[in-house]
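Enquirer: What shape does this take:
(chains A and B)
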Amino acid sequence: MNPFSSGTRLRDMIRSIRGCKTAAEERAVVRKECASIRAAISDNDNDYRHRNMAKLMFIHMLGYPTHFGQMECLKLIAAPGFPEKRIGYLGLMLLLDERQEVLMLVTNSLKQDLNHTNQYIVGLALCALGNICSAEMARDLAPEVERLLQLRDPNIRKKAALCSIRIIKKVPDLAENFVNPAASLLKEKHHGVLLTGIQLCTDLCEVSTEALEFFRKKYTEGLVKVLKDVVNSPYAPEYDISGIADPFLHIRLLRILRVLGHGDTDASDCMNDILAQVATKTESNKNAGNAILYECVETIMSIEDSSGLRVLAINILGRFLSNRDNNIRYVALNMLMRAITVDSQAVQRHRATILECVKDLDASIRKKALELVYLLVNENNVTSLSKELIDYLEVTDQEFKGDLTEKICSIVEKFSPEKIWYIDQMLKVLSLAGNYVKDEVWHALIVVISNASNLHGYTVRLLYRAVQLSGEQEILVRVAVWCIGEYGEMLVNSIGMLEKEEPITVTECDAIDVIESACKQYSTDLATRAMCLVALLKLSCRFPSSSQRIQDIIAQNKGSLLLELQQRSIEFDSILQKHQNIRSALCERMPVLDESTYVGRRAGSLPAAVSTSQGAVLDLSNGVGKPSAAPLVDLLDLSSDDTPVPNSSGNDFLHDLLGVDLSIASTETGTNQAQKSGADVLMDLLSIGTLPSQSSLSSFDGLFSSRDNSASVGGLENLSSNTTLPVQASTESGGFPMMDLLDALSPSEQNREDSGPTYPSVVAYESSSLRITFNFSKQPGNVRTTLVEANFVNKSSNAYTDFIFQAAVPKFLQLHLDPASNNVLPASGNGLITQKLRVVNSQHGKKSLVMRIRIAYKLNDKDVKEEGQISNFPPGL
Amino acid sequence: MIPISRNNKNSGHLFPLIQRQILSPPLIIIIPSSKMIHFVLLISRQGKVRLTKWYSPYSQKERSKVIRELSSLILTRAPRLCNFVEWRGFKVVYKRYASLYFCMCINQDDNELEVLEIIHHYVEILDRYFGSAYFILDEILIAGELQESSKKTVARLVAAQDSLVEAAKEQANSVSFIISQATK
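Expert: The predicted structure is shown next:
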């Protein structure tokens, strides 16, 4: 058989793959081809190895797995002929990367080929080594490369130079061996060798300060001269690009001069003249020339101060910025961002042009310009800049709104000259793009509003107007609802009118209308509706004559399937009906939130806020809609380990405001309080000793009690998963109609015990002080859900108090934690804490469970934390 | 219009934050100081991959992801916009020639205009010398760095190696070789 007559078959394969009409068809063809290649590999077929490798590379490019062909690369490389080696190395570079163990096996072949007499084979080996070598290979083969660097053949020298770059990046210790051979390359005339030699020297300077000093002392002048020669060289067709002789060489020379000149006045002085020449003489009507100018400006900005040159550089950027070519403008914005640290005044001069770029059609340019504007804002120009940006927010397309909103909010917050201005701007943003405003931003707004007592009336009236026009912006509605709740009487009676305000007549009825319609419009959003209920309660005191209407609206939520709403409305209803005497005391204005404390807390939580935006995984017990509460964040963020949990986040601020600390359950899980859920917390806050509507509440307890025994009831399952409120097991049945439903389903609960597979218990976590065992059970008919009973045993001889267990899971899992049986863990295993977890695996059958846990407790009044990862779940969960 | 914001949203792909650090390595290791090209992609207008070359380590899974993300980012861009897109903290310089997009990924602070020039350099050689795009690329870039600024030299080196292969082919086809093989 002839190994080279097989080329047509590769072409055939490509043709048949390209001819496929569906992805399934393509997969079938590829599967067939892979099968035959595998067969050839196992037969150790020499004749078609070459062709099979080419096919594999094509298949790899389409994204199919080709690891089975890796050894074939090695065999081809070990073959004696050039054609086999060539395809073998190509395959090696494509199918493998430096992280694969197989790669180590090729070291020996590489070594032989680096010492080969044929320059092209040496070239192949250098190329492969340069592209994929690992640190170990770099160490093993560095002497060969160093030797090749000193050969006379330019083709080998330039390849060896680039290969050396990879080696010193992998193993910086080897740098010193390369300094001398690299320096000798700088005297070369061959452009390829010179180009790669300069690049190698630049990289040497970056990894080794000795090398930097060496080149700075001995070669600065020489390199300046080389650049002079290149700049002034006559037309050379071989290297000419749009009238410039070898722009690539120009760029590399400018780059190494930048490294040498940075932080060294003498070296910088030495290159002043040539930089001025390049900056003034280079043609800027073609891309190649602009690429050189780009590099020249960079160098001028990094070397030691020469104000004359800086003016030249800034002028070049100014020209770039007004260029009609989008590429050049993009680059200009990019560089101005870096120039701002050097000369912010000069950049400020271009502010108007930059602002125009924010409105460009090109998303890349818009984004860059916005980043730059952000850097340009200061106290003096904030009013005009933010006005421009907010005006633009109105017309920009959806995709850009998020970025723009974020930047505007940040600018307005940072540089606001006065509160009224800040409130005005924020309300404008909320009206235009409220849905893009992050939670912490509007929370901060509310803090500011509550602090600005002279502006309460003004703000609430402004919000009232804004909501009429932009009711579709939910965040705006939330802020408005909060303010109307707090300052409703100022809205209706036009209290605290400012001079510039236009008079407005709002009746009590109008104000309540706003809240009622918000409640209807955002019927799916728990947080908004919860805020509406609180606002209504507050208004019932502010507007005594509308009390009946408010009561009716609140009563509508009594039957809500969302527990939080149900609970609030029932409690509020009872306050309205039975506790007239204390109502006005309850509904006083929120105490003013301390701004400085809030700012501090928020600053501490900033990284945390980012992390939650990536998607919170934990659904905390008793968590509402968006559970971005502190403990979760803390658990997900390893770096913030030692910050005390409740103080580390400003996110719970909203909850403070709303009067219900929604995150409390997680911090106090296991205490009796948590079991009774947020209701008590709320009641505490409202300072009522006992719950008046005990009987009606307990019927809800009954409604949800099924969760503790078995969460198998389909309809209820969904219901409870929305709120996951931990409830005491209770058999008390109220006169609630849904109880019948429950009763009807209860027999199935008994069958559960003997149906379904059983899973062995595992020791999920064990340390010298603590052991956690997990018992598993499944719900019949719901394979994805696993019920876990966690048992905690104290192995030490001291009791643990304030015991808290927390867990986090990857996105494909959902986790619900029930409260723990206790928060004190007796010593020496004399009793245990149990806690139930429910895990829903959305990738059931594909991925198994995994969980990260953290346990915190007090031992002799000292805080102890333990962490671990559980990956030994029984398969099939 | 242009889904550039997609790269922001895409950040949390498998596990949020620590879970990702623990269970799977970060997708891309950023080496900000080194100037180099991280990878080269040739994608047709229909989104078919024509060439891939990786100078930084990416697993097969990451490679597919990179290709998928970049095709949707780049192929949807309107003509006459700038040739740069920001992507996961990197910059991708792309240019369309006929129905083929040439893309090179660089660091944030690298010279985009130079990379455009490198792409053009490559295209001109491909245009003048008809040979394998892979072999030509290997004569232009090693370790993500430019190797040769002369198109003539590149063409000469590739031609010399192609003729070595031709010679080997001819030898294999020659009568004497077949006889010697048969009589072995």
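
Enquirer: C-alpha only now, for contacts and for neighbours.
Expert: Fine.

Enquirer: Quick check: pLDDT value at residue 12.
Expert: Because you didn't say which chain, this covers chain A. pLDDT, A:D12: 87.

Enquirer: actually it's chain B I care about, not the one you picked
Expert: 34.

Enquirer: For my notes, confirm B:T52 occurs in a strand.
Expert: Yes: B:T52: assigned to a strand according to DSSP: H, G, I helix; E, B strand; the rest coil.

Enquirer: residue contacts, it?
Expert: B:T52 makes contact with A:61, A:94, B:39-42, according to CA atoms under 8 Å, 6 or more residues apart in numbering or on different chains.

Enquirer: Kindly reformat those residues as JSON lines and extend each row with secondary structure, pLDDT and neighbour count.
Expert: Formatted as JSON lines, these follow (DSSP: H, G, I helix; E, B strand; the rest coil; pLDDT from 0 to 100; neighbours: other CA atoms under 10 Å in any protein chain shown):
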{"residue": "A:M61", "secondary structure": "helix", "pLDDT": "87", "neighbour count": "23"}
{"residue": "A:L94", "secondary structure": "helix", "pLDDT": "89", "neighbour count": "21"}
{"residue": "B:F39", "secondary structure": "strand", "pLDDT": "94", "neighbour count": "20"}
{"residue": "B:V40", "secondary structure": "strand", "pLDDT": "95", "neighbour count": "23"}
{"residue": "B:L41", "secondary structure": "strand", "pLDDT": "94", "neighbour count": "21"}
{"residue": "B:L42", "secondary structure": "strand", "pLDDT": "94", "neighbour count": "23"}
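
Enquirer: Columns distance to A:G243 on top of those residues, output as CSV?
Expert: Compiled in CSV, the contacts of B:T52 are given as follows (distance: CA to CA, whole Å):
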residue, distance to A:G243
A:M61, 38
A:L94, 37
B:F39, 29
B:V40, 27
B:L41, 29
B:L42, 28
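
Enquirer: Name the nearest of those residues relative to A:M271.
Expert: B:F39 (33.5 Å; CA to CA).

Enquirer: Identify the residue spatially nearest to that closest one, adjacent ones excluded.
Expert: Counting by CA to CA, 6 or more residues apart in numbering or on different chains, B:F39 lies nearest to B:W54, which is 4.4 Å off, once chain neighbours are set aside.

Enquirer: residues contacting the one you found?
Expert: A:93-94, A:131, B:38-40.

Enquirer: for chain A, longest helix please?
Expert: Counting residues, the longest helix in chain A under DSSP state H turns out to be helix A:209-231.

Enquirer: Not counting its own residues, what contacts it?
Expert: By CA under 8 Å, 6+ apart, helix A:209-231 touches A:176, A:179, A:183, A:186, A:201, A:204-206, A:245-246, A:249-250, A:253-254, A:257, A:260-261, A:267, A:270-271, A:274, A:278.

Enquirer: which residues of the chain score low on pLDDT?
Expert: Using chain A here. Within chain A, the stretches with pLDDT under 70 are A:1-8, A:600-757, A:780-781.

Enquirer: please go with chain B instead
Expert: By pLDDT under 70, the low-scoring segments of chain B are B:1-35, B:181-184.

Enquirer: hey, where'd the strands end up in it?
Expert: Using DSSP state E, the strands of chain B run over B:39-44, B:49-54, B:84-87, B:90-97, B:100-107, B:141-142, B:145-146.

Enquirer: most tightly surrounded among the ones you listed?
Expert: For these, average neighbour numbers computed from mean count of other CA atoms under 10 Å in any protein chain shown are highest in strand B:141-142, which has a mean of 26.

Enquirer: That one and chain A in contact?
Expert: Yes: judged by CA under 8 Å from any CA of the partner chain, strand B:141-142 comes into contact with chain A at B:I142.

Enquirer: That strand - contacts with which helices or strands?
Expert: On a contact count with 3 or more CA pairs under 8 Å, 6 or more residues apart in numbering or on different chains; DSSP states H and E, strand B:141-142 meets helix A:119-132, helix A:154-170.

Enquirer: What strands flank it, and is each parallel or antiparallel?
Expert: Sheet pairing of strand B:141-142 (DSSP bridges) gives strand B:145-146 (antiparallel).

Enquirer: Distance from the partner strand to the middle of the chain?
Expert: Distance of strand B:145-146 from the chain centroid (CA atoms, centre = their mean, to the nearest Å) equals 13 Å.

Enquirer: again with stretch B:69-76
Expert: Distance of stretch B:69-76 from the chain centroid (CA atoms, centre = their mean) equals 15 Å.

Enquirer: Give me the neighbour count for residue 155.
Expert: Went with chain A since none was named. A count of neighbours around A:N155, defined by other CA atoms under 10 Å in any protein chain shown, yields 22.

Enquirer: Wait, chain B was what I had in mind.
Expert: Counted with other CA under 10 Å, residues neighbouring B:A155 total 18.

Enquirer: any chance you could map the helices in the stretch 401-550 of chain A?
Expert: Ranges of helices in the stretch 401-550 of chain A, per DSSP state H, counting those that start in this stretch, are A:419-433, A:439-451, A:456-469, A:474-492, A:508-521, A:526-542, A:547-556.

Enquirer: Out of these, which is the most enclosed?
Expert: Comparing the helices of the stretch 401-550 of chain A by mean neighbour count (mean count of other CA under 10 Å), helix A:474-492 comes out on top with a mean of 25.

Enquirer: Just list what that one packs against, helices and strands only.
Expert: Packing partners of helix A:474-492 (3+ CA pairs under 8 Å, 6+ apart): helix A:419-433, helix A:439-451, helix A:456-469, helix A:508-521, helix A:526-542.

Enquirer: Make a markdown table out of the ones you listed and add distance to A:L385.
Expert: Shown next, in a markdown table, are the helices and strands packed on helix A:474-492 (distance: least, CA to CA, whole Å):
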| stretch | distance to A:L385 |
| --- | --- |
| helix A:419-433 | 12 |
| helix A:439-451 | 19 |
| helix A:456-469 | 23 |
| helix A:508-521 | 33 |
| helix A:526-542 | 32 |
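
Enquirer: Quick one, which of the ones you listed gets closest to B:E139.
Expert: Taking CA to CA, helix A:419-433 is the member of the helices and strands packed on helix A:474-492 nearest to B:E139, at 51.8 Å.
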